[in-house]
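1. Give me a model of this one.
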Amino acid sequence: MGWLWFGFVALILLVLTLDLAVVNRRPEAISVRRAMGFTAFTIVLALAFAFLVYWLYETDYHGIASSRPDKDAITGVQATAQYLNAWVIEYALSLDNILVIALIFRYFTIPPKYQHRVLFWGILGALVMRGAMIGAGTLLVQSFEWVLYIFGAILLYTAVKILITDEQAIDPEKTIAARLARRVFPLCPELDGQKFFTRRRGVTEATPLFLVLLVIEGTDVIFAIDSIPAAFAITSEPFLVFTSNIFAILGLRSMYFALAAVIDRFRFLKVALVFVLGFIGVKMLISRWMHIPPEISLAVVVSMLAVGIGASFFAPAKSRRRHEPAGGNHGAMDGSAGVGSAVEKPGPPKADSTALQTPAPESSPS
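-> Numbers count the residues shown, from 1 in each chain. Here you go, the predicted model:
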C-alpha cells in the first residue's frame, strides 16, 4: 500500500508545483478572483478524491479495508463518510486559522505580493509535520485504545479555548518559533524581495520573510495538536486522517487570500466550531458504550456549520471591529525586538511598484 501514500503525496506536490511555478510564478498580490478559483479547484479535487476512497475501500484494494486484524473491514460508504466528515471538520477549523495568519502578516507588515510564497513553503512544512504527527497518533491509537479518551478530552478543551480566546490578543513576537529564530539566526531588519536569506556585510542573514515562515509553521503545529485528534475521533484509518488533513490545508492558502479581509463577518462560525468540537469530543468519550454511525456524524457536523455560517449572513449586523485587509501595514514590531517592521531593501526604480508602503526606519540626525 506504500504506492498509494506515495501517489497521494506526489499529487499534492504536483499541484503545489504548478501553483508556484506556473500559476503564480511572479511575486504579486493574489486577486480575490484568482484565489476563489483555486479554492474551488481544491474543493472539487477533495470531493473527487472521495470517489476514489469509496472505490478503494469497497473493493478492498490491496487489503486497504481489511489490513488491520483488530478491526472489522469497513465498507466504501463508511470510508467515504469518514473521509468527508474529517475533511469538513479540518476545513472548518482552517477557517479559524485564517484570522491568526492575517494577524501575523499584519504584525510583521509583509506585502501581499510576498505572502503567497510564505504560505506555499508553509504548506510543504505542514505536509511533513502533520504526516509525522498522524503517524505517531496512529501508533498510539493502535497500541493504547485509551488514548482515544485523551483525544476526546483535548477536543473538549479546544472547544472551550476557541470560545474564550481572542485571536487579536496573540503576540507573534512572543511565540517559541520567533524567540528561537532570534537565538539561532542573524536577522536582517529589512526585506530583500521574496528571499528568505540575504547577505549583508559578508554575513548571511535571515529576512523577516523567513521569520514569518517559522512563526506560521509553529502556529500550524499548535493547530494540528487541536485538529488531528478531531480526525481520529472520526476514523482510525491513517490514510483517511492524512488525506483529509492535507486537502484541508491545501485549500487554506488560497482561501486566505479570498477571505482574510471578510472572515470576521462569519461571527457565528466560532460558536459553530465550538459545538462541532464538543459533539466530536463527546462522541469519542462515549464510543465504548454508544456508536454513532459516520453518516449521522457527518450530517450533524455539516448542519452545525451550516447554521453558524447562515446565521452570520442573515442575523442582524451588530457593531464590531472589522479586520483590515491582509497585508495591511498597521502592525509593527518593537524596535527593541531585533527586527523592525519589514521594510524592503532599496533597489532600482520599478515601473510597477506594489512594495510595502511602510516608511524606512528613521536614521539618527547627523
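2. Three-state assignment for residue 195, please.
-> When the structure is split into helix, strand and coil by DSSP: H, G, I helix; E, B strand; the rest coil, residue 195 lands in coil.
3. OK, contacts around it?
-> With contacts defined as C-beta atoms under 8 Å, 6 or more residues apart in numbering, residue 195 is in contact with 207, 209. No exception for glycine: its C-beta is placed from N, CA and C like everyone else's.
4. give me that answer again for 7 Å
-> With contacts taken as C-beta atoms under 7 Å, 6 or more residues apart in numbering, residue 195 has the following neighbours: residue 207.
5. any idea how far it is from residue 237?
-> Remark: distance between residue 195 and residue 237 (C-beta to C-beta, to the nearest Å) = 41 Å.
6. Give me the number of neighbouring residues for residue 129.
-> By the other C-beta atoms under 10 Å criterion, the neighbourhood of residue 129 contains 14 residues.
7. Helix or strand: which one has it?
-> Remark: residue 129 resides in helix 112-143, with elements defined by DSSP states H and E.
8. so the next helix or strand after that helix versus helix 112-143, what angle?
-> Remark: after helix 112-143, the chain's next helix or strand is helix 147-164, criterion DSSP H and E. Using axes from the mean of the first three to the mean of the last three C-alpha atoms, to 10 degrees, the interaxial angle of helix 147-164 with respect to helix 112-143 works out to 150 degrees.
9. what does helix 147-164 rub up against?
-> With contact meaning C-beta under 7 Å, 6+ apart, helix 147-164 is reached by 96, 140-141, 226, 229-230, 232-233, 270, 273-274, 277-278, 280-281, 284-285, 287.
10. So which residues of the chain form strands?
-> Per DSSP state E, the chain carries strands over the ranges 190-191, 197-200, 203-206, 343-344.
11. Each with direction, which strands does the first one pair with?
-> Within its sheet, and counting by DSSP bridges, strand 190-191 is paired with strand 343-344 (parallel).
12. quick one on the thing from earlier: are any of the contacts of helix 147-164 buried, and which?
-> Among those, the ones that count as buried by 16 or more other C-beta atoms under 10 Å are 96, 140-141, 226, 229-230, 232-233, 270, 273-274, 277-278, 280-281, 284-285.
13. Which of the strands of the chain comes out lowest on mean pLDDT?
-> For the strands of the chain, the stretch scoring lowest in mean pLDDT is strand 343-344; its value is a mean of 54.
14. Around the nearest residue to residue 93 once chain neighbours are set aside, how many other residues sit close by?
-> By the measure of C-beta to C-beta, 6 or more residues apart in numbering, the closest residue to residue 93 outside its immediate chain neighbours is residue 227, 4.8 Å from it. Applying the criterion other C-beta under 10 Å, we find 25 residues in the vicinity of residue 227.
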